[in-house]
Structures are given as C-alpha cells and as structure tokens.
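S.K.: For reference, the sequence and a predicted model appear below.
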Amino acid sequence: MSLADTPESPTLLQGGGPLGAPPVLRPRGSNHVGMRQFNERVVLQAIRLNGSLPKAELARLTGLTAQTIGLITSRLEEDGLLIRHEPVRGRIGQPSVPMALNPDGAFSLGIKIGRRSADLLLVDFTGAVRRREVMPYAFPDASTLLPAIRNHMAAIQDGLGALALRLVGVGLAAPFNLGGWHKMLGLPPTVSDEWNHIDLCAQVQSFTDAPVRFAKDTSAACVAELVAGRGRDLKSFLYLFVDTFVGGGLVINSHLHNGVHGNAGAVASLPLQVSTGKGVPEQLIAHASLWELEQSFKEHGLDPTAAYDARAMQAPYEVHTSGWIASAALALAQCVVSGTAFLDIDAVVIDGSFTRAMLTRLIDHTEAALATYDWEGLWPATVVAGSIGSDARALGGALLPLHENFAPDRDIFLKAS
C-alpha cells in the first residue's frame with residue numbers, strides 16, 4: 001500500500017472539480033471511492049477552489065503529507081488532469097512550481113430543456129463554457145426537438161476530436177412534468193401529454209455513450225449557484241429562479257436538499273392567499289412568472305420574447321415590464337417571508353433568465369415589499385442576486401457529472417463550514 005493509500009484525514013474543502021488533457025482517463029467515480037481516489041479528489045478540489053497551488057500549499061490545505069501530495073500530483077499529471085505552471089522564485093530556497101487544473105482534462109455536457117428553449121453547454125474541467133447551442137421555440141415538440149438535440153450532441157462530440165474520450169457525462173435538466181401547466185400555456189392536453197409518455201433521460205442516453213444524469217431544471221440551476229456562484233459564501237439558502245414559470249431549489253448546510261419526492265423548493269405551487277373555501281387560492285406561478293409578462297407584451301402588440309432580453313427594459317416594453325415587476329415583487333416577497341419562517345435560512349437567492357438590469361429592479365422592489373411585513377419572531381431574510389443567469393440550468397446540469405467523477409463528496413455538494 002502506497003503512502004497515498006494511507007488513512008490520513010484530509011480536510012474537506014468547499015466547491016467542485018475541474019480537469020486536464022492527455023490520454024484516456026482512468027475510470028473514476030465507482031460506488032466505492034477508495035482512500036487513494038478520495039485523496040486525489042481532495043487535491044483537485046483544493047486547486048479548483050484556490051487556483052494554482054504549489055505542493056507545499058496543497059499539503060497545508062489538505063492535511064496530507066508532502067510525500068503523499070507528491071505521489072498524488074504526479075499521478076494526476078500523468079492522467080492529464082493537472083499541468084505545471086512556470087516556477088515561482090522566492091527569496092529563499094528552491095523555486096515553487098504551482099500545479100493547476102488542465103482545462104482539457106475532462107469535459108461535461110449540460111442540456112436544459114425548457115418550455116421556451118433548449119440549451120446545450122459544453123463545459124471543460126475548469127468549469128468554463130467551451131461551446132453553446134441554443135434552440136428557441138414556442139413550445140417543445142418532442143418529434144422535432146429530440147432529433148435536434150441528438151444532432152447538436154453529435155456535432156459537439158465530433159468537435160472535441162480525440163478529446164471526446166474525456167467527456168465524462170451528460171447532465172440533463174428539465175421540469176419534472178414538461179407538459180405541465182398546459183392550460184396556462186394555451187395548449188390542448190394532447191400536445192402536452194406527449195411528454196408524459198417519454199422517458200427523457202433514456203432518450204438522451206440513446207444519443208451518447210457517456211452516462212446521462214437527470215435533475216429537475218430549477219434544482220440544476222440551484223447547483224450552479226451553489227458551486228459556481230453565491231453559494232460559495234452561503235451555507236443555507238432558498239433559491240428562486242424566475243423563468244417562463246417560476247421555480248426554486250433549497251440548500252441546507254451546503255448540500256442541495258431534494259426532499260422526499262425530489263421537489264424541495266417547488267415554490268411555483270405556493271398559495272398566495274388563505275383559502276376561504278370559495279375557490280382555489282392563486283399560486284406564485286401566476287404572479288412571478290415571465291409568462292405573465294409575455295402575455296402583457298402580446299396584448300399590446302409587442303414581441304413576447306422581449307421578456308428574456310434587453311428590450312424588456314426599453315420603450316415601448318419598459319412600461320409593461322415595470323407593471324409586471326411591481327406585481328411579481330409582491331408575490332416573491334410573500335414567498336421569501338414564508339420560506340424564512342419555515343427554514344430559518346441565511347439568505348434567499350433570486351435569479352432568472354432575463355437581463356441583470358431587470359434582476360436588479362426586481363430585487364429592489366422585492367426588498368421594498370419585504371419592508372411592509374411584520375417580522376416579529378423571525379430573522380429578516382437577506383435577499384441577494386444570483387450570479388449565473390439564463391445559463392444556470394444547463395450549467396448546473398454540466399456540473400453534475402464533473403462533481404460525481406471528481407469531487408470528494410459525490411452526494412452534491414459538501415463544503416467546509
């Protein structure tokens with residue numbers, strides 16, 4: 001047994017994992033992660049979170065011995081996961097050689113299938129987006145969308161050339177019920193019901209030899225924020241994502257919390273009024289979804305797709321956007337208060353598939369609405385802007401295979417307190 005296999009107790013570090021480039025990757029991510037493999041993942045994690053590091057600093061951060069770090073970094077360099085930077089000369093002793101993640105060490109593909117568009121993101125080992133494909137539509141038609149996804153996936157993998165052997169997985173992000181809310185969308189049940197008979201994950205798996213993993217779209221977005229955004233600084237938070245339909249996710253103690261049915265943070269169905277027994281109370285989805293803004297634009301002869309780009313904050317759209325923001329902020333504020341009362345969380349992160357200027361305006365109005373509530377008995381929630389935006393769902397999908405293969409904690413996503 002080598003020193004790298006000895007049962008040391010490395011420090012668990014927050015975050016995820018990126019990678020590097022030569023031959024074919026050794027198999028990783030088996031059900032039993034041995035101590036040697038675990039230590040390798042801890043080293044990769046430390047570099048991902050802190051940038052390039054010399055071996056001495058890696059030993060200090062991980063708690064592993066200098067000899068163990070030397071063996072691990074040599075193996076990872078041979079695997080093409082790490083690269084050496086130029087030596088850094090100090091005042092005393094030998095120059096240190098920083099070790100860094102090799103961007104070409106591994107790749108992952110994230111696919112988001114939404115009700116207004118499908119996005120494909122190819123992500124390298126450092127988490128950088130290397131290729132992007134976007135397919136907009138009025139509503140996803142399975143008979144045309146799935147072949148289009150297959151063609152885009154083939155083109156992306158072909159574009160990698162020999163590096164296609166380093167594609168470690170595909171993360172698929174989509175609503176649990178893609179055909180749901182068809183009445184709000186104005187679609188007949190027959191159109192939406194088609195999705196109820198499709199095993200979406202199996203369909204995408206048939207397009208590639210890489211393993212495919214599924215996540216609810218808003219949970220995937222929450223993963224992106226947890227790993228690559230504000231979640232690095234927040235231990236527990238409620239995540240709200242405003243898209244065609246509003247949705248959410250939940251992080252507790254630096255782990256994505258899925259709930260019994262994988263639907264934790266399903267804020268779309270949150271009732272906004274107390275039931276009086278004379279009808280069903282309206283839900284958050286009816287007041288904080290971009291669908292409502294789309295309808296307002298259409299009623300005034302404007303392009304509904306402007307809800308998702310810079311036009312929404314410009315004339316003649318801006319007056320209608322302002323009205324929607326005022327209404328959506330009131331609904332989101334009630335959601336924030338309810339979430340705070342139940343969860344006692346650090347913060348509420350709000351993001352969406354619209355411009356940053358529009359997000360800033362929405363958060364400003366939400367904070368103003370929160371000031372009108374009685375916070376007696378509660379710790380007031382801190383509302384912060386998400387940092388990922390419209391890429392969140394596809395990026396979160398892409399991060400899932402990378403973390404499953406290379407992060408110390410495969411059960412998304414342990415971070416140090």
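M.R.: Okay, I see it.
S.K.: Which of the three states applies to Ala221?
M.R.: Counting by DSSP: H, G, I helix; E, B strand; the rest coil, the backbone at Ala221 sits in helix.
S.K.: what's near enough to touch it?
M.R.: Applying CB atoms under 8 Å, 6 or more residues apart in numbering, we find Ala221 in contact with Ala173, Tyr239, Phe241, Gly247, Gly249, Asp351, Ile388, Ala392, Arg393, Gly396. Where you see a C-beta, it was placed from the backbone N, CA and C, and this is true even at glycine.
S.K.: Mind giving me the PyMOL select for those residues, buried ones only?
M.R.: Buried residues within the contacts of Ala221, by 16 or more other CB atoms under 10 Å, are selected in PyMOL with:
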select buried, resi 173+239+241+247+249+351+388+392+393+396
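S.K.: which one of the contacts of Ala221 is nearest Gln273?
M.R.: Gly247 (20.4 Å; CB to CB).
S.K.: Quick check: the gap between the residue nearest to that closest one when sequence neighbours are not counted and Gly127.
M.R.: Nearest residue to Gly247 in three dimensions, chain neighbours excluded: Thr218, at 3.4 Å (CB to CB, 6 or more residues apart in numbering). Look at Thr218 and Gly127: by CB to CB, to the nearest Å, they are 20 Å apart.
S.K.: out of those two, which sits in the busier spot?
M.R.: Thr218 (29 against 22; other CB atoms under 10 Å).
S.K.: in the stretch 201-350 of the chain, what spans have low per-residue confidence?
M.R.: In the prediction, the stretch 201-350 of the chain carries no residues with pLDDT under 70.
S.K.: What ranges does it have for its helices?
M.R.: 217-228, 290-299, 318-343 (DSSP state H, counting those that start in this stretch).
S.K.: hey, C-alpha coordinates of stretch 289-305 in CSV?
M.R.: Output in CSV follows, covering the C-alpha atoms of stretch 289-305 (Å, rounded to 0.1, in the frame of the first residue of the first chain):
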residue,chain,number,x,y,z
SER,A,289,-43.5,34.0,-14.0
LEU,A,290,-42.3,35.6,-17.2
TRP,A,291,-45.3,34.0,-18.9
GLU,A,292,-47.4,36.8,-17.4
LEU,A,293,-45.1,39.4,-18.9
GLU,A,294,-45.2,37.7,-22.3
GLN,A,295,-48.9,37.9,-22.2
SER,A,296,-48.8,41.6,-21.4
PHE,A,297,-46.5,42.3,-24.3
LYS,A,298,-48.7,40.3,-26.7
GLU,A,299,-51.8,42.2,-25.6
HIS,A,300,-50.2,45.4,-26.6
GLY,A,301,-48.9,44.1,-30.0
LEU,A,302,-45.3,43.6,-28.8
ASP,A,303,-42.9,40.7,-29.2
PRO,A,304,-43.3,38.4,-26.2
THR,A,305,-39.8,37.1,-26.5
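S.K.: Name the residues of that stretch that are buried.
M.R.: Of all the residues in stretch 289-305, those buried under the rule 16+ other CB under 10 Å are Ser289, Leu290, Trp291, Glu292, Leu293, Glu294, Gln295, Ser296, Phe297, Leu302, Pro304.
S.K.: for the fourth one, what are its contacts?
M.R.: Counting by CB under 8 Å, 6+ apart, Glu292 touches Ala286, Trp324, Ser327, Ala328.
S.K.: so can I have a markdown table of the residues you listed showing distance to Glu40?
M.R.: Shown next, in a markdown table, are the contacts of Glu292 (distance: CB to CB, whole Å):
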| residue | distance to Glu40 |
| --- | --- |
| Ala286 | 49 |
| Trp324 | 49 |
| Ser327 | 51 |
| Ala328 | 46 |
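S.K.: and the two most separated of the residues you listed?
M.R.: Most distant of these, by CB to CB, are Ala286 and Trp324, 12.0 Å apart.
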